[in-house]
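S.K.: Sequence and predicted structure are below.
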Amino acid sequence: MQKYKSLDFDAAQEIIKAGYAAAAANAAKLLSLSVDEETWQLYLAARRARIRKAQVPQSVAVTGVPSDIAAPITEDLSGLTGKPVDTAKLDQDIGN
């Protein structure tokens, strides 16, 4: 797998086959790491319980830039206060 680089998208099928072959070659080691379905579901539930919900922003403050730059950004983002943050929309809005 070391012959591949992160941008070798054209080799995806070859990389997938190599991954399956490596997993098969190490099946005994991997089997020792497996758990039964009930244990896996308990783990997933515990992991979900640790996920913190985002707080609802009550205000927006833009710092680290001159006020003539901060003011329009603050104005644009002030409409986001008082409601849960839609991170996908925020990412899209910031990217444009």
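M.R.: Yes, it's here.
S.K.: Please make it C-alpha for all contacts and neighbour counts, starting now.
M.R.: Will do.
S.K.: Any buried residues in stretch 52-64, and which?
M.R.: By 16 or more other CA atoms under 10 Å, stretch 52-64 has no buried positions at all.
S.K.: From the chain's centroid, how far away is that stretch?
M.R.: 19 Å (CA atoms, centre = their mean, to the nearest Å).
S.K.: swap in stretch 83-96?
M.R.: 15 Å.
S.K.: Which secondary structure element is home to K89?
M.R.: Per DSSP states H and E, K89 falls inside helix 87-95.
S.K.: hmm, I was thinking of E38
M.R.: Following DSSP H and E, the helix or strand that holds E38 is helix 37-50.
S.K.: could you dump that helix to CSV, C-alpha only?
M.R.: The C-alpha trace of helix 37-50 is given here as CSV (Å, rounded to 0.1, in the frame of the first residue of the first chain):
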residue,chain,number,x,y,z
GLU,A,37,-23.2,-7.8,17.8
GLU,A,38,-24.5,-6.9,21.3
THR,A,39,-21.1,-5.5,22.4
TRP,A,40,-20.8,-3.6,19.2
GLN,A,41,-24.3,-2.0,19.6
LEU,A,42,-23.5,-1.1,23.2
TYR,A,43,-20.3,0.6,22.0
LEU,A,44,-22.2,2.5,19.4
ALA,A,45,-24.8,3.6,21.9
ALA,A,46,-22.1,4.8,24.3
ARG,A,47,-20.3,6.7,21.5
ARG,A,48,-23.5,8.4,20.4
ALA,A,49,-24.1,9.4,24.1
ARG,A,50,-20.8,11.2,24.2
